[in-house]
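1. Next one to model:
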Amino acid sequence: MAATRTSSRRRAERIPASGPATIRCQGNSLDATVRDVSLGGVFLFTDANFHAGAEIQVVLMLPRELGLDATQMICCHGKIVRVEKHEGRYGVAAQIEKMEGLPQI
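-> Residues are numbered from 1 along each chain as shown. Coordinates of the predicted model:
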């Protein structure tokens, strides 16, 4: 039943993804691994614990399935909505409020 309520709140389909990301929060940068992403949110695994409501930036490569240009890194600005403990790591769910492409080097 809870899954139904959660699904109905989603604005966009989640796309399974696996790849490196960087989380920037309160002046710190940490490595993370993406589990899934949509145009409205992202779920990542990281070694650090975060708090719901914290503002973050996530730098990652978007999967082609989202229909966007996947040839450059993207910086997603958003807020953490949930943190879960997963086998010694933390799962971080964040709502994406804004995305911007990063300059290619």
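
2. which residues touch the helix or strand where Phe45 lies?
-> Remark: Phe45 resides in strand 41-46, with elements defined by DSSP states H and E. Outside strand 41-46, the residues that touch it by CB atoms under 8 Å, 6 or more residues apart in numbering are 10, 12, 14, 21, 23, 30-37, 58, 60, 76, 78, 81, 86, 89-96. Every residue, glycine included, has its C-beta placed from N, CA and C.

3. Pull out the buried residues from that strand.
-> Under the neighbour-count criterion of 16 or more other CB atoms under 10 Å, strand 41-46 has 41-46 buried.

4. Who are the packing partners of whichever helix or strand comes after it?
-> Moving toward the C-terminus from strand 41-46, the next helix or strand (DSSP H and E) is strand 55-61. Under the contact definition 3 or more CB pairs under 8 Å, 6 or more residues apart in numbering; DSSP states H and E, strand 55-61 sits against strand 15-25, strand 28-37, strand 41-46, strand 73-86, strand 89-101.

5. Distance from the chain centre to the fourth one, please.
-> From the chain centre to the centre of strand 73-86 is a distance of 4 Å (CA atoms, centre = their mean, to the nearest Å).

6. Give me the buried positions along that strand.
-> The neighbour-count check on strand 73-86 (16+ other CB under 10 Å) flags 73-74, 76, 78, 80, 83 as buried.
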